[in-house]
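> sequence first, predicted coordinates after that:
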Amino acid sequence: MSNPTEYLKMRVIGAIDMAPGKTQRDRIRAVSQTDFTDENGCKRAFTWRTIETWLMLFNKYGLRALESRVRSDKGKSRKVELGRLQEAVDEVLPTFRKTPNKTQVYRACIEKGLLLPSEMAPNTFSRLVREHDMFTPQSQSENRMRLAFSKAHANDMWQADTMFGPYCNHNKGMVQSKLIAFVDDASRLCVHGAFYPSENVDSLIDALAAGFYKRGIPQSLYVDNGSIYTSKEIVQICARVGCVLLHTPVKDGASKGKVERFFRRVRDQFLCREQDTSSIEALNRAFNQWVEESYNAMEHSVIGMSPGNRFALDRGRVRYLPPNEVNEELFFVEDDRVVKADNTFAFKGKRYEAPLHLPNRKIQVRFSRSNPTAKVAVYYKGERCGLARSVDFIANDRRRQQEVSL
């Protein structure tokens with residue numbers, strides 16, 4: 001059975017607050033007795049020690065600590081690559097209160113299973129750490145290793161980030177626009193980009209949905225640690241569509257070099273011209289034209305062809321969202337609710353009826369952030385049950401009287 005995803009781990013952690021028990025330890029033990037359904041529809045249960053460890057890691061290091069890691073040397077020789085060694089050092093360093101020595105870090109890597117004694121001796125570890133200055137933060141070191149990389153195929157990875165744009169007229173006032181863009185790692189294609197009046201979760205969801213519909217679903221999404229990129233909504237969306245959400249090391253924006261270089265092209269080739277800033281919509285029309293006719297269509301010096309043509313070479317590998325009338329619910333927020341004995345539940349200060357008979361069961365409610373009560377979809381154990389509707393007490397009374405008379 002595969003390792004639990006970050007989304008499943010967050011659901012388990014989220015269940016602790018609602019679990020019965022006077023203390024946190026009691027609630028964790030109660031959650032360990034509960035079955036959870038993963039993205040494949042399989043029931044999963046976890047020991048209280050595992051859940052307690054996840055909660056400790058999340059409280060201490062945030063969402064990135066819950067990422068499922070696959071051994072980088074699986075199926076390869078046992079010689080440790082420098083990239084993997086750096087990852088091991090970065091993971092154990094925050095566990096020390098004071099600056100440790102190389103021997104202490106080596107032992108911590110061995111204890112956590114990040115390294116094996118048979119694949120790296122203590123002297124080798126000390127030498128490599130010293131040569132590549134692995135204990136020093138990137139912002140303070142000029143010798144720290146940074147390897148150039150590129151994915152093999154289109155949609156293996158998208159890099160995303162936000163850039164400040166020009167001031168535009170919006171709602172009878174001038175606001176500084178924010179450009180949210182996604183760049184495919186292999187082809188350098190700008191899969192989607194748009195200016196927004198503000199940088200928030202709603203803007204990111206809108207841009208992400210447009211990118212998925214236009215260019216398909218990437219295997220992974222590489223973002224920084226900004227609040228919108230670590231939000232619950234983005235974690236849920238990526239988990240639903242099968243996209244791995246990866247975060248850069250803290251204060252290491254240079255690791256998203258491709259999207260940063262794209263932003264430089266935007267400044268040097270697009271924003272340097274006189275633009276129509278009478279509205280955000282006008283600016284986006286000009287930007288989309290420049291992206292498709294200039295940037296995506298011109299030869300890229302690194303790949304030797306245009307990003308559009310390079311992306312087209314892997315079109316057969318692209319995974320698009322399947323046609324479905326409820327695809328918009330993939331981008332909805334999800335919260336848990338408990339259905340009462342009368343088959344109703346509370347949501348946003350109103351009473352709703354579950355679409356199926358689900359008394360005394362925990363359901364998942366999906367809704368739009370911008371208009372929560374416009375469409376309330378109910379899911380149970382990963383399956384869509386239908387739309388919830390507001391309780392009509394008078395109609396229910398008439399139906400009850402008809403049933404009694406029969």
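Received the coordinates, thanks. Please read these numbers as outputs of a predicted model, since none were measured by experiment. Numbers count the residues shown, from 1 in each chain.
> run the chain-centre distance for the helix or strand containing residue 288.
Residue 288 is located in helix 280-290, with elements delineated by DSSP states H and E. Taking Cα atoms, centre = their mean, to the nearest Å, one finds helix 280-290 lying 27 Å from the centre of the chain it belongs to.
> for that helix, packing partners?
Applying 3 or more Cβ pairs under 8 Å, 6 or more residues apart in numbering; DSSP states H and E, one finds that helix 280-290 contacts strand 158-170, strand 173-184, strand 190-196. For every residue, glycine as well, the C-beta is placed using N, CA and C.
> contact partners for residue 207?
Contacts for residue 207 were tallied using Cβ atoms under 8 Å, 6 or more residues apart in numbering; they are 180-182, 192-194, 196.
> hang on, the earlier thing: TSV for the helices and strands packed on helix 280-290, including distance to residue 337 and mean pLDDT?
Below are the helices and strands packed on helix 280-290 laid out as TSV (distance: least, Cβ to Cβ, whole Å; pLDDT from 0 to 100):
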stretch	distance to residue 337	mean pLDDT
strand 158-170	31	92
strand 173-184	31	94
strand 190-196	31	96
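> just name the most buried of those.
Ranked by mean neighbour count, these are led by strand 190-196 with a mean of 23 (mean count of other Cβ atoms under 10 Å).
> how about residue 246, phi and psi?
phi -110, psi 140 (degrees, to the nearest 10).
> test my guess that it contacts residue 224.
No. Counting by Cβ atoms under 8 Å, residue 246 sits too far from residue 224 to count as a contact (10.3 Å).
> all strands for the protein, in order.
Assigned by DSSP state E, the chain shows strands spanning 36-37, 43-44, 158-170, 173-184, 190-196, 220-223, 244-247, 333-338, 344-347, 350-353, 362-367, 377-380, 383-387, 389-390.
> got the contact list for the third one?
Right, the one you point to is strand 158-170. With Cβ under 8 Å, 6+ apart as the test, strand 158-170 has contacts from 174-185, 191, 195, 197, 199, 211, 218, 220-224, 226, 228-229, 253, 256, 258-260, 263, 266, 271, 275, 277-280, 283.
> now with 6 Å, please.
Residues from elsewhere that reach strand 158-170, judged by Cβ atoms under 6 Å, 6 or more residues apart in numbering: 174, 176-180, 182-184, 195, 197, 199, 218, 221-223, 256, 258-259, 263, 277-280, 283.
> and residue 314, what does it touch?
Contacts of residue 314 by Cβ under 6 Å, 6+ apart are 153-154.
> any idea how far residue 295 is from it?
Separation of residue 314 from residue 295 (Cβ to Cβ, to the nearest Å): 19 Å.
> okay if I get the strands of the chain as JSON lines plus distance to residue 287?
Below are these laid out as JSON lines (distance: least, Cβ to Cβ, whole Å):
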{"stretch": "strand 36-37", "distance to residue 287": "42"}
{"stretch": "strand 43-44", "distance to residue 287": "44"}
{"stretch": "strand 158-170", "distance to residue 287": "9"}
{"stretch": "strand 173-184", "distance to residue 287": "8"}
{"stretch": "strand 190-196", "distance to residue 287": "6"}
{"stretch": "strand 220-223", "distance to residue 287": "21"}
{"stretch": "strand 244-247", "distance to residue 287": "26"}
{"stretch": "strand 333-338", "distance to residue 287": "28"}
{"stretch": "strand 344-347", "distance to residue 287": "38"}
{"stretch": "strand 350-353", "distance to residue 287": "40"}
{"stretch": "strand 362-367", "distance to residue 287": "31"}
{"stretch": "strand 377-380", "distance to residue 287": "33"}
{"stretch": "strand 383-387", "distance to residue 287": "36"}
{"stretch": "strand 389-390", "distance to residue 287": "41"}
